[in-house]
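Undergrad: Coordinates only, no sequence provided:
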């Protein structure tokens with residue numbers, strides 16, 4: 001039998017300037033976790049459940065790959081590879097400090113782990129649209145949304161689980 005468990009995610013050190021994007025990734029992964037652990041989700045049949053979980057696992061893997069690419073692009077842009085000189089570290093910390101004013105944290109209490117992660121994303125630095133890797137990351141979020149929506153509509157029978165995608169998606173859908 002095929003393994004449709006959640007993909008394993010390798011932990012990376014996430015640079016301070018994009019730490020908010022790490023919480024975005026966590027929000028999205030937590031968002032679809034429901035389809036693995038919630039026994040109340042009604043699939044068309046056992047085969048549909050297997051196909052749905054396989055497609056969602058593929059979407060999670062693609063999201064993680066996109067996040068890894070974002071981290072690598074950011075490291076390259078800011079020369080954060082190997083032995084980083086004190087001058088580079090100081091320059092990067094200055095870059096981060098100059099952007100601290102852009103953080104607009106959501107201070108409301110939110111239920112649901114996926115929404116809490118999305119709220120945490122607002123408490124950390126993120127790239128602005130158009131900066132290195134930000135467009136690719138926005139495309140990955142949009143692709144994840146489309147994959148989750150298509151998969152759930154195709155294989156899940158309960159309307160509430162289909163509505164969950166639209167109503168509970170934790171991030172703003174990027175306008176591309």
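TA: That came through fine. Source: prediction; values computed, not measured.
Undergrad: any idea whether the residue minimising distance to the centre of the chain is helix, strand or coil?
TA: In the chain, the residue lying closest to the centroid (CA atoms, centre = their mean) is residue 25, at 2.0 Å. With DSSP: H, G, I helix; E, B strand; the rest coil as the basis, residue 25 sits in helix.
Undergrad: same question, residue 128
TA: Going by three-state DSSP: residue 128 is coil.
Undergrad: Now do the same contact list for the nearest residue to it once chain neighbours are set aside.
TA: Nearest in space to residue 128, with sequence neighbours left out and distances taken as CB to CB, 6 or more residues apart in numbering, is residue 134 at 6.6 Å. Backbone N, C-alpha and C define where each C-beta goes, glycine included. Residues counted as contacts of residue 134 (CB atoms under 8 Å, 6 or more residues apart in numbering) are 70, 127, 128.
Undergrad: Okay, and the closest residue to residue 55 other than its chain neighbours sits in which element?
TA: The shortest distance from residue 55 to any non-neighbouring residue, by CB to CB, 6+ apart, is to residue 151 (4.4 Å). Element membership of residue 151 [criterion: DSSP states H and E] is helix 134-155.
Undergrad: buried sites along the helix or strand following that helix?
TA: Next helix or strand after helix 134-155 toward the C-terminus (DSSP H and E): helix 159-168. For helix 159-168, a neighbour-count test (16 or more other CB atoms under 10 Å) marks 161, 164, 165 as buried.
Undergrad: Relative to residue 13, which of these is nearest.
TA: Ranked by distance to residue 13 (CB to CB), the buried residues of helix 159-168 are led by residue 165 at 31.9 Å.
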